Structure formats: structure tokens, C-alpha cells
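Visitor: need a structure here:
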Amino acid sequence: MTVVAASDVVGVLGGMGPLATLDFMRKMLDATPAARDQEHVPVVASSIPQVPDRTAAFCGQGESPLAAMLASGRRLADAGAGLVVIPCNTAHLWFEQLQEGLGLPMLHLVDAALEEALAAAGPGARIGLLATDATLASGLYLNRPASRGVQWLQPTAAEMLEQVMPGIAAVKAGRLAEGEALLAQAARALAQRGASALVLGCTEIPLVLHAGNAPLPVIDATAALARRAVGWSLSRRRPPPPPAAP
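Guide: Purely as a prediction, here's the structure:
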């Protein structure tokens, strides 16, 4: 038996998009070595799909999502979360402001994905990256300190316009077969250009592209973050107090 303190609760700042949030929480369950309910990780979630579009905001074509994400994160804090995670890659463009505004520890999704990518492919590997326009243009992956030495391969402008962004949009709209076909096409192009592994850098992409149907080994950023979140919570568990002396 273990005792879980309130500060061991993982807060999921979700809704970006809703299906990706459910996928993240399922992957937390998959990552937890539990045999009964009480051994699972305590989680609170705030899934608010009305958060303004992150890519549009980055491109200067829409409202900033920061205020909405802060409000969602404060709901998590009020519910007892001791850690906040965001299963949305592009939302991490506001990671530092969120962490400062919430005053809670946070795990960075990109760092989790990079750690697993380097472990799988090795330093200096040629790694493909599928992500939104904003994630690629911002250098969210390429500029992280952990990515030094990685030879990144990215989709061409035409592939982003014709395959990646329409594929992500199809997944968000529930047209999963269409999304799978478009994103698999983009993955094949990166494999043909020499990628030895592929980072799925948008949380919609692993909903349709995975180890079973991708043309090369994949690193699922969603699953990487889920494993880190579970590890954080489990590491903070403490044994129950000893029974009182008779």
C-alpha cells in the first residue's frame, strides 16, 4: 500500500485538442505499473477546447492563448495539482509564461520527446520531425539545448501545405483515415530523405500514425510526456506510516 500526497497529483492542461488529451491520459494509464485502482496516478484535467488556436496566434492571425491557458491552469492548481503538463506541442511556445504565471512545476513535452529520440537514434542521428507550421517555424524542437547534434529533417513547404497541416486538421475533425493517409505520406517522404527515426511533434499525429503503420521508427512525444508525468508522481509516493505501537 502507498499513500499519495496532494502534491503528487498530475494536472493535465488539455483541450488542445480534446482527442489528444484523452490519448495522453490513456498513455498515462499504459505507463503506470498498477494492478488495482489505488495504485494509479492521481490526475485532474481541465480540457478547454475554446483556447484560441496556437498556430494562428504564433502567425499573428489570432488571439493569444495565454490568458485562457492560465485560467485553465489555475483551475488545476485549485483542484490540488502539484504538477502541470500540456499535451499540445505548439502550446509550449508559451511554456515559460505559463510556468511563471502558475507558480507550479511543469514538465516540458519537447524535452521528454528529445530524451527518448536521442536514446533511440543516438547523437548525430538524422531524425525526421512532423509538427505544425508554428512548431517548426518557432524552432521549438530545433532550438532546445537537448537537440544539439541532431540532424533534423523537416517536411518541405509543399508537404506542409498539402499533407501535414491538412492531415492534422483531418484528425481534429474526426476524419482519422484521411489524416492517417496524409501524414503517412509525409512520413514516407522523410524516410526517403534519410531519416532514421521520426518524432511525432504534434499530439494529433500519434492518434493515426504509430509504430504499427509508420515507415520508420517513431518517437511519440505524447507518450514520452506521459511516461515522465507518471514517473514524477510515482517518485513522490511515500510508504504508509507504521502501525501504532500497542
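
Visitor: Now do the buried residues in the helix or strand of the chain with the lowest mean pLDDT.
Guide: When each helix and strand of the chain is scored by mean pLDDT, DSSP states H and E, helix 109-121 comes last, with a mean of 92. Within helix 109-121, the residues that count as buried by 16 or more other Cβ atoms under 10 Å are L109, V110, D111, A112, A113, L114, E116, A117, L118, A121. Bear in mind the C-beta positions are built from the backbone N, C-alpha and C, glycine included.

Visitor: again with stretch 170-177
Guide: Buried-residue list, stretch 170-177, by 16+ other Cβ under 10 Å: A170, V171, K172, R175.

Visitor: Looking at those, which two lie furthest apart in space?
Guide: For the buried residues of stretch 170-177, the maximum inter-member distance is 8.9 Å, found between K172 and R175 (Cβ to Cβ).

Visitor: Using PDB, list the CA coordinates for the lengthiest helix in the chain.
Guide: Longest helix of the chain, by residue count under DSSP state H: helix 176-192. Only the C-alpha atoms of helix 176-192 are listed here, as PDB (Å, rounded to 0.1, in the frame of the first residue of the first chain):
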ATOM      1  CA  LEU A 176      -9.000   9.800 -39.000                       C
ATOM      2  CA  ALA A 177      -8.500   7.700 -42.100                       C
ATOM      3  CA  GLU A 178      -7.900  10.800 -44.200                       C
ATOM      4  CA  GLY A 179      -5.500  12.100 -41.600                       C
ATOM      5  CA  GLU A 180      -3.600   8.900 -41.500                       C
ATOM      6  CA  ALA A 181      -3.200   8.800 -45.300                       C
ATOM      7  CA  LEU A 182      -1.800  12.300 -45.500                       C
ATOM      8  CA  LEU A 183       0.500  12.100 -42.500                       C
ATOM      9  CA  ALA A 184       1.800   8.700 -43.600                       C
ATOM     10  CA  GLN A 185       2.700  10.200 -47.000                       C
ATOM     11  CA  ALA A 186       4.700  12.900 -45.200                       C
ATOM     12  CA  ALA A 187       6.400  10.300 -43.100                       C
ATOM     13  CA  ARG A 188       7.400   8.300 -46.100                       C
ATOM     14  CA  ALA A 189       9.000  11.400 -47.700                       C
ATOM     15  CA  LEU A 190      11.200  12.000 -44.700                       C
ATOM     16  CA  ALA A 191      12.200   8.300 -44.600                       C
ATOM     17  CA  GLN A 192      13.200   8.500 -48.300                       C
END
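
Visitor: what lines up beside the helix or strand just after it in the sheet?
Guide: The helix or strand immediately downstream of helix 176-192 is strand 197-200, counting by DSSP states H and E. Partners of strand 197-200 in the sheet, by DSSP bridges, are strand 126-130 (parallel), strand 218-220 (parallel).

Visitor: Now flag whichever of the buried residues of stretch 170-177 is closest to Q97.
Guide: Nearest to Q97 among those, counting by Cβ to Cβ, is K172 at 24.5 Å.

Visitor: what's the distance between the closest one and L93?
Guide: For K172, the distance to L93 equals 18 Å [Cβ to Cβ, to the nearest Å].

Visitor: So what touches the longest helix of the chain?
Guide: 128, 130, 153-156, 159, 162-164, 166-171, 198, 204-205, 207-209, 213-216 (Cβ atoms under 8 Å, 6 or more residues apart in numbering).
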